[in-house]
Structure formats: structure tokens, C-alpha cells
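Student: okay, here's the prediction I keep looking at, along with the sequence it came from:
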Amino acid sequence: MGVLEWLAVFVPIVTYLLYRWSTATYDYFREKKIPFVKPYPLFGALWPIFSGKLHPVDATILGYDMFPGRRFSGFFTFRTPSYLIHDPALAKQVLIKDFDHFTDHTSTILPDVDPVLGRNLFFMDGQRWRHGRSGLSPAFTGSKMRNMFVLLSNYVDGAMKRLAQDAGPRKMELELRDLFQKVGNDIITSISFGVDVDSIHNPNNEFYKRGQKVTATGGIQGFKVFLTTVIPGSVFKFFGVKVLPKEAADFYVDVISKTVKQREEYKIVRPDFIHLFMQARKNELKEDKADEELKDAGYSTVEEHLQSTTRGNQHTDLDIAAVAVSFFFGGIETTSSVLSFVLYELCLNPTIQHKLQDEIDLVRDQLEGNPLSYEVLQKMKYMDMVVSETLRRWAPLGIVSRKCVKPYTFEDHDGTKVTVEKGHIIQIPLQSFHRDPNFFPDPYRFDPERFSDENKHKIKQDTYIPFGSGPRNCIGSRLALMQTKCVLFYLFANFSVEFSEKMDVPIKLNKMALSYTAQNGFWFHFAARGVKT
Ligand code: HEM
């Protein structure tokens, strides 16, 4: 690693910039009389990201506050004209009603360059995405989550009890991003690779070590992922730049192949994703009746818009490995970010922490020693309110992107019309919606009551979209909510939490990471419940 690897990334950027320099101009929005963020030479709106001045999300959403009262504004991604949507109703048109014009994400990784990440839904385009999505959807229904809950809950319960034993009567200082990444790693390793690991006590296991590299949002790995959002997949292909190193890809495919072989040979059934894909191979993976009853996993869960089908999806071991790796990619950073911010807010607001603990204690009493179930967790109202409010205040992905695939006309309030051209980029600033005082009064106040039964009807439609929206929304929203709530349940059942001296309060955000995280870590003291801190 080192200079050569960085060079292998910079050469394509420079070549692409020079090419764009000769083929596009910065007069685009001026000629069309659309308000736009003044571009930096060559980099457009991206220079503050490259120079480390602004977080990628903050650099992208500048136009929202700069041009209030508009339905959209312009900015340049390098030299490509891009639109920022200010009006949630227009966002809905792009994401749902006229989805056919905006089927693709801006990031594309081609499978012939990167066989594993190129098969990740997030990076797929057009027909390949449609086929992949409809094949994967039946694996994320309520009943499949309920079956998987047993694996997840046993792991989290055990992990928190072991932590409580480690702490004993003392208060224990922990960096939570690290803790939650380990927990997330072990959960995804269990439910998607069928392997049990304990990264809290054995961080040297292969899955954690490799997962750390695969999911890094900083350093060269994070930079390459960021580049996939601004440089076309064909440029990566031309220069042979891979995001996932080949030896890591080979490791994951090998694990899946061995596990599948073993399960077939010994007829092993385990309620995890490998089992679901083995069923899909035999055309046996379907939605079942219980899915209808279990649809509601919480306020934030998104709906599935595409017709699910597994017909014609002959998953190879490589396909299964690719899906499993995609869960590392999409699931660990995001859920550990939400969990870290829940704890940050609950330490700032101890009354909310106590209220959540009261609900947890009540549920534990009612369980009378029986294990926690998926249904019981879904019914915990205050838990849902706390998680929903955290997803509003600190949405892990602050923007949702689409690429225009068929020309489309936008109209502003004053009647100005503009036709978005094929290849142009659309950004939906969900973070700006979530923090707009017109939609959420006093938006910087952490207030779970916004999501209470009495208040939630006041939330304006389409302004709350932490998991995106429409056919391309987050396929893992049920899993993410189940995992987040389960960790919070066992964590607050065992511990009370407060800031350690090392924690920056108010938080200082890391501008160089793709998702939101604390610059100097999330530092907390854990004290076993009943023990005074
Ligand atoms: C709190 C945790 C999470 C948040 C906030 C989150 C958020 C998002 C968002 C905003 C998108 C883009 C949606 C759009 O373009 O409209 C997305 C896509 C996606 N997420 Fe998540 N996510 C989370 C957890 C997960 C988990 C646990 C998984 C899987 C195990 C997952 C898998 C995916 C995949 C595969 C996509 C791409 C879907 C497609 O292109 O069809 N996510 N997520």
C-alpha cells in the first residue's frame, strides 16, 4: 500500500477531469437562469471536500440554505451539471412517481472490474439492478427478519452480558463507534456468512480484520468509494481500479462456497441469509402469509415498491458472497452511526435515557424470563420514538442521489422550466429536510415526542426519509431497525451510560468520513445497572 495505490487512484481522476474540462462549461446554469452554487475551477462544488473544509454532505447541500424558496438549484460535480432538490414534493416525483427517469444511483461499479462490489445492489444500474432487487426483496420481509431475530438476539444478549462481566462493579470506559462496529460485524457475519465470531474479545478474527478494510469510510478505501459517486464506472474499468481488493473478494467467495457445500452435504438448516439464497436457488424463497402481519417494523421502515420475484435468479456462490459483503458495506457503518448518536443524545438528555430504561424494564418484567421476541421489540413505542428521532437528527446518509436516465422537465414556483438531461445528477438533501424548521420545529433539539402517537401525524409527508424513498429505498431498513433496537434493549437493560472526559461535547464531526462520525471518537462510561457511577 502507499504511494502506488494512491497514484493508481489519482491518475484516473486527473485524466477524467481533463476530459471533462474539454467537454463541458460552467455557463450551463447561468444560461438557463437557474440559481447555482459558484463552482471552483475544475472541481466544481467538490473542492471543499477534497481540501477537507467541508463534509461531503455539507458541500453538496449548500444551495438549500443559499436559495430559500426555490424548488431546486444547480451545482457542478466536477463539471457535470447537478441539481439539488429543495421541495419534498419534487423529491417524491423523482424518487417515486417518475422513477423511470431516475432509476440509477450515481455510483456504479461494473462487475467485470469488481466481481463482488459490482454485484452489490447499491452500485448496480438499470435492468441488472431491477433483477437483483426483485430477487433480494423476499429475503428482507417481516417473517424472514423474525426468523433471523433469534440469531441476532442471542448474540447481542450474550455480548452485553459478557461486557457487564468485564466491567464488574467499576465503570468502564469505551469508544462506542469501535464497539458498535464489532457488534455489527459479528451480527452480519452470523446472519450472512453463517459463522459465529466474538470481535469484542477476539478482534483478530479474519471477518473483523477484513470487514474493517472493506467498510472503511476514511483513508484510501473511503476515498475510492467516494470516487464511485463522482466518476463513471467506465473510467474505473478503463484504468482497472478495484474498490474491493481481489484477495478480500476471494476470501468471501471461498467462505460461502465451503458453507454452502457443508450445508448441502449435512442438510444443515440455519435461519440466515445463506439459507434463504440456497432456497432461492431452488425457487423456494417466497413471501409468506406472516409477512403481511409483520410488515410494520417501526415508524421509519420503508415500503417495498417492486414486485418480488425469485424466478430466473440462479444465484452462484459468487452472487451469494456479493450479497453478504454488501451487508457489511451497507449495514455496519450505518447502524453503528445510529447507535453511537442514540447514546450521545441519551447522555445529553438523561431523562430520555431513564424513560427508555423504564420501558425496557417493564418489557423484561412482562417477559417473565422468556426470551425477547421480534414482535415484542417492534411493539416498544418509546424505543421506536428514540430511534426515529435519532434517524431524523443524525441520518447516517444525509443525501440520496439519482442519475437521470431519460430527459425530465422540472418547473419552479415562478414557472421557470428546465429539462434535466441524461447523465445529469440529482441530489435529494434528506438531511436538509430533517433539519428544516418549517418541517420540524426547533430542529436541533432532540425530541422523541415528535414521533409519539399524538404528534406523528403532524410530520409533513415526504419530509422524513432516513432510508430514502421509492423503489430504490434501503432494502435493509427492517434489519437495521431490528438490529439497532435489539442492541439498545440489551445495552440499557445491563448498563447506564454517561460521557467520559474524552468525549467532545458538543460533538466535533469528522469532515473526512463519508458517514457522520465523531472526529475524536464516541467516548462513554458504562456502569452496570444498580452500580453507582
Ligand atoms: C440505520 C441504518 C441504515 C440507514 C440509515 C440506511 C440508509 C440507506 C439509504 C438512505 C439508502 C439509499 C436509498 C435511496 O437511494 O433512496 C440505502 C440503500 C441501501 N441500503 Fe441501507 N441503510 C441502513 C442499513 C442498511 C442495512 C442493515 C443493509 C443491509 C444489510 C442495507 C442495505 C442497503 C442496500 C443494499 C441499499 C441499496 C438499495 C438499492 O439500490 O436498491 N442498509 N440505505
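Tutor: In hand now; what should we look at? Bear in mind that the values here come from a model prediction, so they are computed numbers and not experimental data. Numbering: from 1, shown residues only.
Student: quick one: contacts for the residue nearest the centre of the chain?
Tutor: The centroid of the chain falls nearest to Thr334 when counting by CA atoms, centre = their mean (4.3 Å). By CB atoms under 8 Å, 6 or more residues apart in numbering, Thr334 lies in contact with 396-397, 480, 515. Where you see a C-beta, it was placed from the backbone N, CA and C, and this is true even at glycine.
Student: so it is in which element?
Tutor: helix 317-348 (DSSP states H and E).
Student: do the same with Arg162
Tutor: helix 142-167.
Student: so how far is that helix off the chain centroid?
Tutor: 21 Å (CA atoms, centre = their mean, to the nearest Å).
Student: same question for stretch 106-120.
Tutor: 18 Å.
Student: tell me, how many residues neighbour the closest residue to Thr108 other than its chain neighbours?
Tutor: Nearest non-adjacent residue to Thr108, counting by CB to CB, 6 or more residues apart in numbering: Gly233, 3.6 Å away. Neighbourhood size, Gly233 [other CB atoms under 10 Å]: 19.
Student: go on, the one 10 residues further on?
Tutor: Around Val243 sit 22 other residues, with neighbours defined as other CB under 10 Å.
Student: shouldn't it be in contact with Ile109?
Tutor: Yes. At 6.2 Å, Val243 and Ile109 qualify as touching, with contact defined as CB atoms under 8 Å.
Student: what sits in contact with each of the two?
Tutor: 117, 228, 236.
Student: quick one: mean pLDDT for the helix holding Arg162?
Tutor: Averaging pLDDT along helix 142-167 yields 93.
Student: from here on, call the first residue 49.
Tutor: Taking 49 as the first residue, the last one we looked at is helix 190-215.
Student: what's the following helix or strand past it packed up against?
Tutor: With elements assigned by DSSP H and E, the helix or strand that comes after helix 190-215 is strand 220-223. Packed against strand 220-223 by the contact rule (3 or more CB pairs under 8 Å, 6 or more residues apart in numbering; DSSP states H and E) you find strand 571-576.
Student: for the closest residue to Ser374 other than its chain neighbours, grab phi and psi.
Tutor: Leaving aside its chain neighbours, Ser374 sits nearest to Asn168 (3.9 Å; criterion: CB to CB, 6+ apart). The phi and psi values for Asn168, taken as degrees, to the nearest 10, are phi -80, psi 130.
Student: contacting residues for Asn168?
Tutor: So Asn168 contacts 157, 370-371, 373-374, 377-378 (CB under 8 Å, 6+ apart).
Student: possible to save the contacts of Thr382 as TSV with pLDDT?
Tutor: Converted to TSV, the contacts of Thr382 look like this (pLDDT from 0 to 100):
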residue	pLDDT
Pro444	93
Leu445	92
Ala528	96
Ser563	75
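Student: any of those buried? List them.
Tutor: Burial by neighbour count, 16 or more other CB atoms under 10 Å: within the contacts of Thr382 this picks out 444-445, 528, 563.
Student: from Ser348, how far out is the residue nearest to the centre of the chain?
Tutor: 12 Å (CB to CB, to the nearest Å).
Student: next: Ser525.
Tutor: From Ser525 to Ser348 the distance is 7 Å (CB to CB).
Student: those two: who's more crowded?
Tutor: The residue with more neighbours, out of Ser525 and Ser348, is Ser348; 25 against 21, by other CB under 10 Å.
Student: which pLDDT value goes with that one?
Tutor: At Ser348, pLDDT is 84.
Student: ok, Leu439 next?
Tutor: On pLDDT, Leu439 comes in at 98.
Student: please name the nearest non-neighbouring residue to it.
Tutor: Pro514 (3.8 Å).
Student: burial count for that neighbour?
Tutor: 29.
Student: give the helix, strand or coil label for it.
Tutor: coil (DSSP: H, G, I helix; E, B strand; the rest coil).
Student: what's opposite the closest residue to Ile473 other than its chain neighbours in the beta bridge?
Tutor: Distance criterion CB to CB, 6+ apart; nearest residue to Ile473, sequence neighbours excluded, is Ser130 at 3.9 Å. For Ser130, the beta-bridge assignment (DSSP bridges) gives partners Phe123, Ile473.
Student: mind listing what Ser130 touches?
Tutor: 93, 122-124, 472-475.
Student: against the ligand, how distant is it?
Tutor: To the ligand, Ser130 is 15 Å away according to CB to the nearest ligand atom, to the nearest Å.
Student: burial measure for Arg218, as a count.
Tutor: 13.
Student: before we move on, what about the one 3 residues further on?
Tutor: Counted with other CB under 10 Å, the burial measure for Glu221 works out to 14 neighbours.
Student: leaving aside the residues adjacent along the chain, what's closest to it?
Tutor: Leaving aside its sequence neighbours, Glu221 sits nearest to Ser548 (CB to CB, 6+ apart; 4.9 Å).
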